[in-house]
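1. 3D model of this:
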Amino acid sequence: MSGGKQTQLLFIVGHFDMADGTGQLTVEMPDSGGAHAEELFVAGQVYLRAIKETAGPWGSFDWNKSEVHLPLRAPMNDPEHTLFQVGRAKTVYYQGVEKVNGVPAKDYRGMLDHSAISLRMAESERDDVNEERASRGEDIPVFADVWIDGAGRVVQTRTAFGFGFNTTSVTTVFSDFGKPVKVTRHRRPASPPSFRPRTSSPADGTGNSAHRAGVDTACTARPRGPWHP
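-> Residues are numbered from 1 along each chain as shown. Below you'll find the model as predicted:
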């Protein structure tokens, strides 16, 4: 999210097996002085630790109970949530063909309604979105693009919207389909620390926020919405 001239960046890269429910992500925060975080998804849990000069302790959280704290940012950066969200797009139309990772892909664009935007959103953030919607007298306009390759796989998604003085754009790239994913399970800590994602959202240098997620998927990421003509 960017307000005025302020922009922030967030980069997320990793491997994910959606069929098996396992994954490993690295979250880079360039504006945090080199700090980053590691996330492991396994057996219904998300294990998280922050790393700056040294690695911190692992925290453990219930994957299914994680919430959205920033519009369009997936809970715990879960790429499967992103696919589910864009799959709820309406009024979908064909945009044309573009190359994604050097491969031609068909771009389909739709709109996300209020229920899709607020999916799994925490109560305080949901109140803000509801207030913005009420002030407009209609749903907040949120665009959702999905790029599908010749094999019918989702190779990229992008969602974008303007919220007050802030704009947000989230781009997720899927690649290396079928690549094996191995994640080591960590022991749940006796007293899991409390955790809440940052209250500011990333942004790129153009004034739009950018959640850049390069995700290697071990299963076929197929569209879950009306993307095909």
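2. Work out which residue lies at the spatial centre of this structure.
-> The centroid of the chain falls nearest to residue 74 when counting by Cα atoms, centre = their mean (4.0 Å).
3. what distance separates stretch 121-138 from the centre of its chain?
-> Centroid separation between stretch 121-138 and its chain, computed with Cα atoms, centre = their mean, to the nearest Å, is 20 Å.
4. Could you list the low-confidence segments of this protein?
-> In the predicted model of the chain, residues 1-8, 32-34, 53, 163-165, 185-229 satisfy pLDDT under 70.
5. what's the longest helix in it?
-> Identified as the longest helix of the chain according to DSSP state H is helix 123-136.
6. Grab the CA positions of it and hand them over as CSV.
-> Extracted C-alpha coordinates of helix 123-136, given in CSV (Å, rounded to 0.1, in the frame of the first residue of the first chain):
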residue,chain,number,x,y,z
GLU,A,123,-12.5,-7.9,12.4
SER,A,124,-10.8,-4.5,12.7
GLU,A,125,-9.6,-4.5,9.1
ARG,A,126,-13.1,-5.7,8.0
ASP,A,127,-14.6,-2.7,9.7
ASP,A,128,-12.3,-0.3,7.7
VAL,A,129,-13.3,-2.0,4.5
ASN,A,130,-17.0,-1.9,5.4
GLU,A,131,-16.7,1.9,6.2
GLU,A,132,-15.0,2.6,2.9
ARG,A,133,-17.6,0.6,1.0
ALA,A,134,-20.4,2.5,2.8
SER,A,135,-18.8,5.9,2.0
ARG,A,136,-18.7,5.0,-1.7
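7. Okay, buried residues for that helix please.
-> 125-126, 129 (16 or more other Cβ atoms under 10 Å). To be clear about C-beta, it is placed using only N, CA and C from the backbone, and glycine gets the same treatment.
8. ok, residue 118 to residue 143 distance?
-> Relative to residue 143, residue 118 is positioned 16 Å away (Cβ to Cβ, to the nearest Å).
9. Those two - which one has more neighbours?
-> Between residue 118 and residue 143, counted using other Cβ atoms under 10 Å, the more crowded position is residue 118 (18 against 14).
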